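Participant: Here's my sequence, what's the structure:
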Amino acid sequence: MGTPLVSVIVPVYKTPEQFLRACIESIQQQTIKDLQIILVDDGSPDKCGDICDQYAEKDKRIQVIHQKNGGPSNARNHGIECIRGKYLIFIDADDEIYPKALETGIAAMERTNAQCAVFGWINNETGKPVDCNVTEIERVITASEAMKEIAGENDLCGGGYPWNKIWNVDAVRNSHNGEISFFDCTLFTYEDKYWVLNMLFGLERVVLLPDVFYNYRFVESSLTNSSDSWKRRQFNAYAAYDKICDYLQPINQSAYRAGLCKYFRFSYIDMMNMRSWRNEDIEWYRKTKKSVLKVCKRIHLGDLKKFKHYIAWIFCLIYCRI
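Facilitator: This next block holds a predicted model:
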């Protein structure tokens, strides 16, 4: 088999049929035709696996992996093991990518000698489509700057999302001892951001594109609003940012401080939002306070951005010990 230009990995699990078909067809309709399309059926109990097989029968570029359910990170990792392309991108199975996304992104990478391209997306989380532009004009930044922006905010530099970024596979491997980073399967919150930061380390340049090339759909789980689900996501987010900060501290101080400030802000907001109903689940609240104190103990003068953050930090150092 020859080397395709782009490997596209799509983890698939319980995706509504119309969305899955639209996703696969949006990849097939790319103006770049030299593709390896890897559909990873993550043990989906419905027709998803059969639908993937149907497309593979008609399109030799499509490779289907059927596996026991292991979660999206596990599915993505199995896809990574199979890539043969010069470039890599992930697509979520309920989303769509626009026809010129790969052509435009790769051309920009080759023109600017960047190892990663980032483009904008349409966010449908609120039910009303919102354009999320990465930049107003094409610009190139260092990978170190991209790490700082992504660690410190959710949407800067395209956010910590794998589906709006194209990677130069050889460049990544050259900076990671010949390997492509795997996703951490212990995380289900901010796992994408942790992976993106790992991928960026050791690269030189990232090109930001003004184009909106991705339609992000938000299919809400029935468990999302349960208190148990919120607890799991809350503390898994803390675990993810512990790993993010541990990873960044020895390699990129500016990104580490940005990540630490982000971590402190959202954990502090969690605690303050819980104060009004803390007596309804005092153990949950105490566990949150303990987590906030853990973050506070990492902070030193110079780590936070604003005076009000230092006031909150000092308050937490006292209050969270009570």
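Participant: Now the biggest strand by length in the chain - C-alpha only, CSV.
Facilitator: Ordering each strand of the chain by length in residues (DSSP state E) puts strand 205-216 first. Only the C-alpha atoms of strand 205-216 are listed here, as CSV (Å, rounded to 0.1, in the frame of the first residue of the first chain):
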residue,chain,number,x,y,z
ARG,A,205,5.1,26.6,14.1
VAL,A,206,1.3,26.6,14.0
VAL,A,207,-0.7,28.3,11.3
LEU,A,208,-4.0,29.7,12.3
LEU,A,209,-6.6,30.0,9.5
PRO,A,210,-9.5,32.5,9.4
ASP,A,211,-11.8,29.9,7.6
VAL,A,212,-14.6,28.1,9.3
PHE,A,213,-14.4,24.5,8.1
TYR,A,214,-16.1,22.3,10.7
ASN,A,215,-19.7,21.8,11.8
TYR,A,216,-19.7,20.8,15.5
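Participant: any residues touching the next helix or strand after it, and which ones?
Facilitator: Per DSSP states H and E, strand 205-216 leads on to helix 227-248 as the next helix or strand towards the C-terminus. Residues from elsewhere that reach helix 227-248 (C-beta atoms under 8 Å, 6 or more residues apart in numbering): 147, 151, 184, 186-191, 193-194, 197-198, 221, 223, 255-256, 259-260, 262-263, 266-267, 270, 281, 284, 287-288, 291, 294-295, 298. Every C-beta, even on glycine, is put in place using the N, C-alpha and C of the backbone.
Participant: and those, which are buried?
Facilitator: Among the contacts of helix 227-248, the ones that count as buried by 16 or more other C-beta atoms under 10 Å are 147, 151, 184, 187-191, 193-194, 197-198, 255-256, 259-260, 262-263, 266-267, 270, 284, 288, 291, 295.
Participant: Going along the chain, name the helices of the protein.
Facilitator: 17-28, 48-58, 72-80, 101-112, 143-152, 169-175, 191-200, 227-248, 253-274, 282-296, 307-319 (DSSP state H).
Participant: still on that earlier bit, so what strands line up beside the longest strand of the chain?
Facilitator: Using DSSP bridges, the strands paired with strand 205-216 are strand 96-97 (antiparallel), strand 116-123 (parallel), strand 139-142 (antiparallel).
Participant: For the helices of the chain, give me TSV that also has mean pLDDT.
Facilitator: Shown next, in TSV, are these (pLDDT from 0 to 100):
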stretch	mean pLDDT
helix 17-28	97
helix 48-58	97
helix 72-80	97
helix 101-112	98
helix 143-152	98
helix 169-175	97
helix 191-200	98
helix 227-248	93
helix 253-274	97
helix 282-296	96
helix 307-319	95
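Participant: and I38, which of those is closest to it?
Facilitator: helix 72-80 (4.6 Å; C-beta to C-beta).
Participant: Check which helices and strands that closest one sits against.
Facilitator: strand 6-12, strand 35-42, strand 62-67 (3 or more C-beta pairs under 8 Å, 6 or more residues apart in numbering; DSSP states H and E).
Participant: For V212, which of those strands is the nearest?
Facilitator: Short answer: strand 6-12, nearest of the helices and strands packed on helix 72-80 by C-beta to C-beta, at 18.7 Å.
Participant: circling back: quickly compare the helices and strands packed on helix 72-80 and say which is most buried.
Facilitator: Of all those, strand 6-12 carries the top mean neighbour count, a mean of 26, counting by mean count of other C-beta atoms under 10 Å.
Participant: got the angle for that one vs helix 101-112?
Facilitator: 140 degrees (axes from the mean of the first three to the mean of the last three C-alpha atoms, to 10 degrees).
Participant: Can you give the distance of strand 6-12 from its chain's centre?
Facilitator: 14 Å (C-alpha atoms, centre = their mean, to the nearest Å).
Participant: Need the mean per-residue confidence for that strand.
Facilitator: Averaged across strand 6-12, the pLDDT comes to 98.
Participant: what does that strand contact?
Facilitator: Against strand 6-12 from outside (C-beta under 8 Å, 6+ apart): 20, 23-24, 27, 30, 32, 34-42, 44, 48-49, 52, 72, 75-76, 79-80, 82-93, 102, 106, 166, 169.
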